[in-house]
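Peer 1: Model the following, please.
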Amino acid sequence: MTQEELSYSATTQNARSILPADMISVEEARERILAQFAPLGAAQTPLLEAREQVLAEEIRAGFSIPPLDNTAMDGYAVRAADTEGATYDSPLTLRVSGYLAAGSVYDGQVGPGEAVRIMTGAPIPAGADAIVPFEETDEQDESHVATSWEQSPRENVRIDVEARPGANIRRAGEDIREGDAVLAVGTVLGPAQIGVLASLGLGEVQAIRRPRVTILSTGDELLRAGQPLEPGKIYDSNTFSLASLVESYGAVARTLDIATDTVEALTARIHEGLADADLIVTSAGVSRGDFDVVKDVLEREGKIGFWTVRMKPGKPLAFGTFPASDGRPIPHLGLPGNPVSAMMTMELFGRAAIFTMLGKGATWERPMVRATAADRIRNTDGRRFYARAFVELVDGEYIARLTGPQGSGVLTSMSLANGYAICPENVDAIEPGEQCDVMLVDREAPLPEPARLIDGARELPDGADGDSDLEVTLHADGKRVDVWGFPTEMIGRSVLAMVELLKGVGVPKSVQVNIRRRSNDD
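Peer 2: Residues are numbered from 1 along each chain as shown. Coordinates of the predicted model:
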């Protein structure tokens, strides 16, 4: 079932009737939202526009790559037998019978005692079975270097090194064989995959199309960036931060002009935003105490539920659908108006919805690490608190420092953060020095290190006995999975054991392996 075929049937709730006991968890809110999304349909997409999209067709090779045996180096195509016994002290001489550039095919055959001058990538001439690189001929001597073959063709070449059959030859089908299944349905197209598609001669491909997401900010107090600042007004940052998030997730953002707090203006903007949209995102007007005009229009124009989510920042949330002109239900995600709350709820709910429409499934989840808090993270009201933090690796340990004041209007707390330190609902505070979960959200965030060996482990003697003198600890997604004891000679086997364990628990987003030498008291 595609996104266009889904409809929303949740019961509309009046925000004024919701009590704290009616709060829902982040996971429940996300589950309700994701139930209304599915992968979008496929579209024929030019390769350079398909990066990070999901392949919607299996790709099979119509020919081999390379299609013919070809040379891996500039040099001379020879019969290996003709170079037998060649050394720098006792070189051999072959007659140069021709020249072959990349992109051409040699019209002839390499006979006994002959050589063809050949450039990298050119097909191997018939009769030749080896390539002698220039460095192993007299072309390495400056006195023999020609500006071009056409200007100064050669009659003979000195061979300084014996060539073995197959030397410096790339075989046909070495990369891909004709008929091979090259890329599977569901493959995310990165630069390498796009390069492979291009090597198969494909200029476009069937890929799940990018969602079109409409962004609308509401409020009489808002000005668009670039306008003169007026008393009592503030500039609209939500449109720009949310559109940037949407684009970073892989969707196409469409921004609308600000809607003022009137029935007519908001209704007009919503109808404008529904055109060709797969999701419409609004900010402001969903909190308890907001002007009723926003809620009234949302409820009148669509099927919208107003929720309170047990999280901070970002407690108020609206979700539902608006009917498009063609009858399709267009999902609507209503975010709080405070800029930090808007970004946080977009990250926790909008990202998952967009990734689902992209066909990327649960890959929306961010890497999680365990970090030591450098500052006190205070939780004041029993909600899950996402504290903006800067995370760095110090001596192999993650340290999370708050980026400053944590108010929902302090947008600089987001701009300085590369992660969100999470204080659970049932924890009053995380004190300095205590451990906490951190969700890494910035591409510059320090990702978990690969397997590490401490110096002591490297220095253990090869002849160690069968005692468990090494301790191997595996952490997946910041949590300890298991600890084993291994003798030194079994360290390779220990890595294989960890791989098998990961297969059982699912592939984590981050893995850290620590190997240390045990003390005599262990």
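Peer 1: From now on I want contacts and neighbour counts done on CA atoms only, so please keep to that.
Peer 2: Fine.
Peer 1: What about Lys300, how many residues nearby?
Peer 2: Lys isn't right for residue 300; it's Arg. For Arg300, the count of nearby residues is 12 (other C-alpha atoms under 10 Å).
Peer 1: Now do the buried residues in the one helix or strand it maps to.
Peer 2: Using DSSP states H and E, Arg300 sits in helix 292-301. If you call a residue buried by 16 or more other C-alpha atoms under 10 Å, then helix 292-301 has these buried ones: Val294, Lys295, Val297, Leu298, Glu299.
Peer 1: Name the nearest of the residues you listed relative to Val340.
Peer 2: Distance to Val340 across the buried residues of helix 292-301 (C-alpha to C-alpha) is lowest for Val294, with 20.3 Å.
Peer 1: Would you check that the closest one makes contact with Ala265?
Peer 2: No - contact criterion C-alpha atoms under 8 Å: Val294 and Ala265 do not qualify, at 10.3 Å.
Peer 1: Tyr322: what secondary structure?
Peer 2: Actually, residue 322 is Phe. It isn't Tyr. Under DSSP: H, G, I helix; E, B strand; the rest coil, Phe322 falls in the strand class.
Peer 1: Begin at 354, not 1, for the rest of this chat.
Peer 2: Renumbered: residue one is now 354, and that last one reads Phe675.
Peer 1: Just give the closest residue to it, not the sequence neighbours.
Peer 2: Counting by C-alpha to C-alpha, 6 or more residues apart in numbering, Phe675 lies nearest to Gly655, which is 4.3 Å off, once chain neighbours are set aside.
Peer 1: How much space separates the one you found from Ile611?
Peer 2: Per C-alpha to C-alpha, to the nearest Å, Gly655 is found 20 Å from Ile611.
Peer 1: How about residues contacting the strand or helix carrying Phe593?
Peer 2: Taking DSSP H and E as the definition, one finds Phe593 inside helix 591-601. Applying C-alpha atoms under 8 Å, 6 or more residues apart in numbering, the external contacts of helix 591-601 come out as 566, 568-570, 605-608, 636, 690, 692, 695-696, 699-700, 704, 707.
Peer 1: Contact partners for the residue nearest the centre of the chain?
Peer 2: Central residue of the chain (C-alpha atoms, centre = their mean): Glu405, 7.3 Å from the mean position. Listed by C-alpha under 8 Å, 6+ apart, the contact partners of Glu405 are Val541, Leu542, Gly543, Gly603.
Peer 1: and if we set it to 7 Å?
Peer 2: Contacts for Glu405 (C-alpha atoms under 7 Å, 6 or more residues apart in numbering) come out as Val541, Leu542, Gly543.
Peer 1: how near is the last one to Val794?
Peer 2: For Gly543, the distance to Val794 (C-alpha to C-alpha) stands at 20 Å.
Peer 1: When those two are compared, which one has more neighbours?
Peer 2: Using other C-alpha under 10 Å as the criterion, Gly543 and Val794 rank with Val794 on top: 16 against 13.
Peer 1: quick one: that one and Asn771 touch, right?
Peer 2: Yes - using C-alpha atoms under 7 Å, Val794 is in contact with Asn771, at 5.5 Å.
Peer 1: residues in contact with the residue lying farthest from the centre of the chain?
Peer 2: Distance from the C-alpha centroid of the chain peaks at Ser443, with 56.1 Å (C-alpha atoms, centre = their mean). Not one residue lies near Ser443 by C-alpha under 7 Å, 6+ apart.
Peer 1: ok so it is a strand residue?
Peer 2: No - per three-state DSSP, Ser443 lies outside any strand segment and is coil.
Peer 1: quick one: contacts for the residue lying closest to Ile477 once chain neighbours are set aside?
Peer 2: Spatially, and ignoring its direct neighbours in sequence, Ile477 is nearest to Asn423 (5.0 Å; C-alpha to C-alpha, 6+ apart). Listed by C-alpha under 7 Å, 6+ apart, the contact partners of Asn423 are Gly474, Ala475, Pro476, Ile477, Ile522, Arg523, Arg524.
Peer 1: before we move on, what about Ala414?
Peer 2: Arg530, Glu531, Gly532, Asp533, Ala534, Val535, Leu553.
Peer 1: how near is the fifth one to Ala479?
Peer 2: Ala534 sits 30 Å away from Ala479, taking C-alpha to C-alpha as the criterion.
Peer 1: of these two, who's got more company?
Peer 2: Remark: of Ala534 and Ala479, Ala479 carries more neighbours, 16 against 13, as counted by other C-alpha under 10 Å.
Peer 1: Quick check: the more buried one touching Pro465?
Peer 2: No - the criterion here is C-alpha under 7 Å, and Ala479 misses it with Pro465 at 12.0 Å.
Peer 1: Touching, Ala520 and Pro486? I think so.
Peer 2: No - the pair Ala520 / Pro486 is not scored as a contact, 9.4 Å apart, by C-alpha under 7 Å.
Peer 1: Show me which of those two is the more surrounded one.
Peer 2: Set side by side, Ala520 and Pro486 show more neighbours around Pro486, with 25 against 17, by other C-alpha under 10 Å.
Peer 1: ok, now how distant is the more buried one from Gly714?
Peer 2: Distance from Pro486 to Gly714, by C-alpha to C-alpha: 50 Å.
Peer 1: Find the residue closest to Thr490 in space, skipping its chain neighbours.
Peer 2: Nearest non-adjacent residue to Thr490, counting by C-alpha to C-alpha, 6+ apart: Ile512, 4.8 Å away.
Peer 1: Domain-wise, how is the chain divided?
Peer 2: 356-394+563-717, 397-418+527-561, 423-523, 721-793, 805-870 (automatic domain parsing).
Peer 1: I'd like the distance between Arg466 and Ala433.
Peer 2: Arg isn't right for residue 466; it's Gly. 10 Å.
Peer 1: all helices for the stretch 704-853 of the chain, in order.
Peer 2: For the stretch 704-853 of the chain, applying DSSP state H, counting those that start in this stretch gives helices covering 704-710, 765-768, 808-811, 844-858.
Peer 1: Comparing those helices by mean pLDDT, which bottoms out?
Peer 2: When the helices of the stretch 704-853 of the chain are compared by mean pLDDT, helix 808-811 comes last with a mean of 30.
Peer 1: Tell me the strands beside the host helix or strand of Tyr452, with direction?
Peer 2: Per DSSP H and E: Tyr452 is located in strand 445-453. With DSSP bridges as the test, strand 445-453 is paired with strand 467-471 (parallel), strand 509-512 (antiparallel).
Peer 1: Comparing those, which comes out most buried?
Peer 2: strand 467-471 (a mean of 26; mean count of other C-alpha atoms under 10 Å).
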